[in-house]
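>>> no sequence on hand, only this structure:
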């Protein structure tokens with residue numbers, strides 16, 4: 001079994017998220033991708049975030065009809081700040097499948113900031129990392145991102161097309177179709193009464209309008 005874990009604020013989820021997830025299924029031959037909205041993301045503690053309930057409903061609407069896409073509210077059920085390392089540990093402990101390969105999906109900007117994450121070294125050793133890159137991205141090696149000592153524990157594996165670590169987990173970089181869409185721009189457009197057609201799934205667009213989301217930002 002090969003599962004992808006796709007976390008984010010998803011405020012709102014948009015077609016860029018969905019397209020990247022679809023391509024990662026194909027690239028890594030994943031059986032499923034679990035979308036995990038952050039409840040209290042550590043990098044946005046002082047910012048206004050749409051209540052979890054609405055973000056959950058928008059994700060559910062966006063992935064409906066795709067049997068490979070599923071949803072988890074684990075970070076809302078857990079008290080305190082939402083940390084990826086705790087979510088990964090929860091998934092691995094809950095399912096306890098001997099043949100489960102768990103891939104954490106994240107963008108190149110997020111991976112370049114990985115050293116600011118809680119227990120980032122432990123996290124990297126827990127699961128595979130599937131880093132989604134923009135066209136033209138030049139991989140300068142792990143030493144440019146991680147500490148030199150930690151990066152030295154990874155060796156490039158030609159077969160896996162990634163850097164394999166001491167626990168067998170692999171850090172892979174894969175180019176995906178880059179749709180220059182930002183949730184912040186969608187929120188701004190909604191606030192200004194501008195169209196958000198084709199930036200989000202139609203069901204999500206209707207939900208935003210029906211619930212007057214982002215109007216009072």
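Arrived safely, thanks for sending. Just so we're clear, the structure is a prediction, and the values are computed from it rather than from any experiment.

>>> what separates stretch 63-73 from the chain centre, distance-wise?
14 Å (C-alpha atoms, centre = their mean, to the nearest Å).

>>> list the contacts of that stretch.
Applying C-beta atoms under 8 Å, 6 or more residues apart in numbering, the contact partners of stretch 63-73 are 18, 21-22, 25, 30-37, 52, 56, 59-60, 91, 203. Just so you know, the C-beta spots here come from the backbone N, C-alpha and C atoms, and that holds for glycine as well.

>>> try 7 Å
Counting contacts by C-beta atoms under 7 Å, 6 or more residues apart in numbering, the residues outside stretch 63-73 that touch it are 21, 25, 32, 33, 34, 35, 36, 56, 59, 60.

>>> quick one: buried residues of it?
63, 69, 71, 72 (16 or more other C-beta atoms under 10 Å).

>>> leaving out the residues flanking it, which one is nearest to the third one?
In this structure, residue 71 finds its nearest non-sequential neighbour in residue 35, 5.3 Å apart by C-beta to C-beta, 6 or more residues apart in numbering.

>>> look up how far residue 13 lies from the one you found.
8 Å (C-beta to C-beta, to the nearest Å).

>>> for residue 188, same thing?
16 Å.

>>> so those two - more neighbours on which side?
residue 13 (26 against 14; other C-beta atoms under 10 Å).

>>> follow-up on the earlier one: after the host helix or strand of the residue nearest to residue 71, next one along is what?
Using DSSP states H and E, residue 35 sits within strand 32-37. Counting by DSSP H and E, the next helix or strand C-terminal to strand 32-37 is helix 52-63.

>>> next SSE after that next one?
Criterion used, DSSP H and E; the element after helix 52-63 is strand 69-71.

>>> residues of the helix or strand following that following strand that come out buried?
Going down the chain from strand 69-71, the next helix or strand is helix 74-77, by DSSP H and E. Of the residues in helix 74-77, 74, 75, 76 count as buried by neighbour count, 16+ other C-beta under 10 Å.

>>> same check, this time on stretch 207-215
Here stretch 207-215 shows 207, 208, 213, 214 as buried, counting by 16+ other C-beta under 10 Å.

>>> state the pLDDT value of the second one.
Same thing as residue 208. Predicted confidence (pLDDT) for residue 208: 97.

>>> am I right that it is in a helix?
Yes: Residue 208: assigned to a helix according to DSSP: H, G, I helix; E, B strand; the rest coil.

>>> and it, what is it in contact with?
So residue 208 contacts 12, 190, 214 (C-beta under 7 Å, 6+ apart).
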